[in-house]
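J.: task: produce atomic coordinates for the following.
(2 chains)
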Amino acid sequence: MNQEPREKMSVLIAEDDVISSKILERNLEDWGYGVVLARHGEKAWQALQNPAFRMAILDWIMPGMDGPEICAKIRRRKKFQYTYIILLSAKDRKRDIIAGLSSGADDYMTKPVNYLELRARLRTGRRIIDLEDKLLATQKQLKDLASRDSLTKLWNRAETLRFLDEEADRSRREGKSVGVIMIDIDYFKEINDRLGHQAGDQALLRVVHRVKRSVRSSDRVGRYGGDEIIIILPDCDNGRIQKIADRLRRAVGGRRMKCNSRTLRTTISVGCAVATEMTDSRTLIRRADAALLQAKARGRNCIAVHGISANPGKE
Amino acid sequence: MINHQNINRDNPINYREVLERIGGDTEFLEDLLKIYFLEFEEKRAQIEDALQGADFNLIQELGHSLKGSSANLSLPSLRRDASALEIAGREKNIDRARQALSSLIAECLALHDFLEQNPPQAQIV
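T.: Below you'll find the model as predicted:
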């Protein structure tokens, strides 16, 4: 492998010696890296708070903070992506090399630097970072597969319930309310039976699209099962949930939708519940579900809010 | 192309080695040498102060720093004397430190004279 970086990778060079840093800078720029210099350990540590630096070349001895100390601090942080570190030093005894690598450096080079060797070692670092990026992307894909519904790409039931547990805990801690909306597509079984399951899937996708466009980005929309959609609404009281529910009902039923070359008018029934400080998430779902049944019993295409007897959303 | 006739192991600078390190750019080498001389003067004054105050930590630190920049520019004699200064600082030996500084100054002058006769630009054929 003799390729230089495909994208310009930013490398932080922490080196207090002017000549050494200038030579490093010149060579790395010639090899296609973006370079930022720091001549003080503290400055280097500050610069490394920028996640753009995936690679760092650190001198061992520097004013403010030495190379091994920076290595150790980098390795202690949790939320950053991996930073590949090459430690430079004039110290060439085995015990120094071991101490340098033990502090968290990935590689160790003695000064004066052999630049052909450094170039090859930087490529190795780049390969490791690329591998890490691929691993993280795969991890994210797997997490998405495990937490998303494959048809609608909404959060699946388990993930939605997890969000609700978190929100219910938060609302108890912070004294804020959390709302749950349950949506059921009216006569969905008939769409499936009359037009086929593909049309049913399309109808569901159209409804999901309209629902997602009618809620805030902070609200979590999930597929509860079949044609049931659940929405978790943080910081939401009875008045607000009623408005949102009616907006959803209008957004879905207000216009006809095209499904499998047929045009349908699909409506939804909506059940809502808002948690008080003492309500647990399961109770909240049960109440929203009961409200949904109430809406259906009232003739569908309407909303019902747990604890409120009026029927504001019926056309 | 580097003129290999000008390379001599006894020279105060190993042109071949340093030019390899910086991709053969002689103008860049001239800039680096200017920085080196400026830094040397600054550090020389600091070393003299450290010798007066018997600040061995500082002597060791300055010796280490000069050793690094001399090595980067492939200046073997200066590197050797800077290393001797670093060791003298570590061993808290004031006489050896003074001796190392005198030697460093002499070597720096020798380098200066050598560069006047053999400037980096002349290394290109």
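J.: how about low-confidence regions in the stretch 201-315 of chain A?
T.: A:309-315 (pLDDT under 70).
J.: any idea which residue of it lies closest to chain B?
T.: As assessed by Cβ to the nearest Cβ, chain B sits closest to residue A:217 within the stretch 201-315 of chain A, at 50.9 Å. Any C-beta I mention is one placed from the backbone N, CA and C, and that applies to glycine too.
J.: number of nearby residues for that residue?
T.: By the criterion of other Cβ atoms under 10 Å in any protein chain shown, residue A:217 has 6 neighbours.
J.: dump the residue contacts of residue A:41.
T.: A:14, A:62, A:63, A:64, A:65, A:66, A:67, A:69, A:70 (Cβ atoms under 8 Å, 6 or more residues apart in numbering or on different chains).
J.: check residue A:230 too.
T.: A:157, A:160, A:180, A:181, A:182, A:183, A:221, A:222, A:223, A:224, A:285, A:288.
J.: just checking, the second one touches residue A:219?
T.: No - shown here, residue A:160 and residue A:219 do not form a contact pair, counting by Cβ atoms under 8 Å, at 11.3 Å.
J.: tell me which of these two has more neighbours.
T.: Between residue A:160 and residue A:219, counting by other Cβ under 10 Å, residue A:160 is the more crowded of the two (24 against 19).
J.: dump the contacts of residue A:230 to TSV, plus distance to residue A:128 and secondary structure.
T.: Formatted as TSV, the contacts of residue A:230 follow (distance: Cβ to Cβ, whole Å; DSSP: H, G, I helix; E, B strand; the rest coil):
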residue	distance to residue A:128	secondary structure
A:157	38	helix
A:160	37	helix
A:180	45	strand
A:181	46	strand
A:182	48	strand
A:183	47	strand
A:221	38	strand
A:222	37	strand
A:223	39	strand
A:224	42	strand
A:285	45	helix
A:288	48	helix
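J.: quick one: these as a markdown table, columns for distance to chain B too.
T.: Below are the contacts of residue A:230 laid out as a markdown table (distance: Cβ to the nearest Cβ, whole Å):
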| residue | distance to chain B |
| --- | --- |
| A:157 | 61 |
| A:160 | 59 |
| A:180 | 65 |
| A:181 | 65 |
| A:182 | 68 |
| A:183 | 66 |
| A:221 | 57 |
| A:222 | 58 |
| A:223 | 60 |
| A:224 | 64 |
| A:285 | 67 |
| A:288 | 69 |
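J.: show me which of those are buried.
T.: Among the contacts of residue A:230, the ones that count as buried by 16 or more other Cβ atoms under 10 Å in any protein chain shown are A:160, A:180, A:181, A:182, A:183, A:221, A:222, A:223, A:224, A:285, A:288.
J.: residue A:22: which of the residues you listed is nearest?
T.: The nearest member of those to residue A:22, counting by Cβ to Cβ, is residue A:221 at 55.1 Å.
J.: so how far is residue A:183 from that closest one?
T.: 9 Å (Cβ to Cβ, to the nearest Å).
J.: list the helices and strands the helix or strand containing residue B:61 packs on?
T.: Using DSSP states H and E, residue B:61 maps to helix B:56-72. Contact partners of helix B:56-72 among helices and strands, from 3 or more Cβ pairs under 8 Å, 6 or more residues apart in numbering or on different chains; DSSP states H and E: helix A:18-30, helix B:26-52, helix B:76-90, helix B:94-117.
J.: so that helix versus helix B:26-52, what angle?
T.: Per axes from the mean of the first three to the mean of the last three Cα atoms, to 10 degrees, the angle that helix B:56-72 makes with helix B:26-52 is 160 degrees.
J.: what residues are up against residue 62?
T.: Since no chain was named, I'll use chain A. By Cβ under 8 Å, 6+ apart, the neighbours of residue A:62 are A:14, A:15, A:16, A:39, A:40, A:41, A:44.
J.: could you do chain B instead?
T.: Contacts of residue B:62 (Cβ under 8 Å, 6+ apart): B:43, B:46, B:47, B:50, B:85, B:89.
J.: how is the closest residue to residue A:292 other than its chain neighbours assigned, secondary-structure-wise?
T.: Counting by Cβ to Cβ, 6 or more residues apart in numbering or on different chains, residue A:292 lies nearest to residue A:271, which is 2.8 Å off, once chain neighbours are set aside. Assigned with DSSP: H, G, I helix; E, B strand; the rest coil, residue A:271 falls in the strand class.
J.: longest helix in chain A, please.
T.: Counting by DSSP state H, the longest helix found in chain A is helix A:115-147.
J.: related to what we said a few turns ago, average pLDDT across the helix holding residue B:61?
T.: Per-residue pLDDT values over helix B:56-72 give a mean of 93.
J.: and stretch A:68-81, by the same measure?
T.: 93.
J.: wait, residue A:68 touches residue A:101, no?
T.: No - applying Cβ under 8 Å, one finds residue A:68 not in contact with residue A:101, separated by 9.5 Å.
J.: which residues do these two both contact?
T.: In contact with both residue A:68 and residue A:101: residue A:87, using Cβ under 8 Å, 6+ apart.
J.: walk me through the domains of chain A.
T.: Using automatic domain parsing, the domain ranges for chain A come out as A:10-144, A:157-314.
J.: next up, the contacts around residue A:232.
T.: Counted by Cβ under 8 Å, 6+ apart, residue A:232 has contacts A:160, A:163, A:164, A:167, A:178, A:179, A:180, A:219, A:220, A:222.
J.: for stretch A:199-215, list the C-alpha coordinates in CSV.
T.: Output of stretch A:199-215 as CSV, limited to C-alpha atoms (Å, rounded to 0.1, in the frame of the first residue of the first chain):
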residue,chain,number,x,y,z
ALA,A,199,-51.2,-1.2,-0.9
GLY,A,200,-51.6,-1.6,2.8
ASP,A,201,-47.8,-1.1,3.3
GLN,A,202,-48.0,2.0,1.0
ALA,A,203,-50.9,3.4,2.9
LEU,A,204,-49.0,2.9,6.2
LEU,A,205,-45.9,4.6,4.7
ARG,A,206,-48.0,7.6,3.5
VAL,A,207,-49.5,8.0,6.9
VAL,A,208,-46.1,7.8,8.6
HIS,A,209,-44.8,10.4,6.3
ARG,A,210,-47.6,12.8,7.1
VAL,A,211,-47.4,12.1,10.8
LYS,A,212,-43.6,12.7,10.9
ARG,A,213,-44.1,16.1,9.2
SER,A,214,-46.6,17.1,11.8
VAL,A,215,-44.5,16.6,15.0
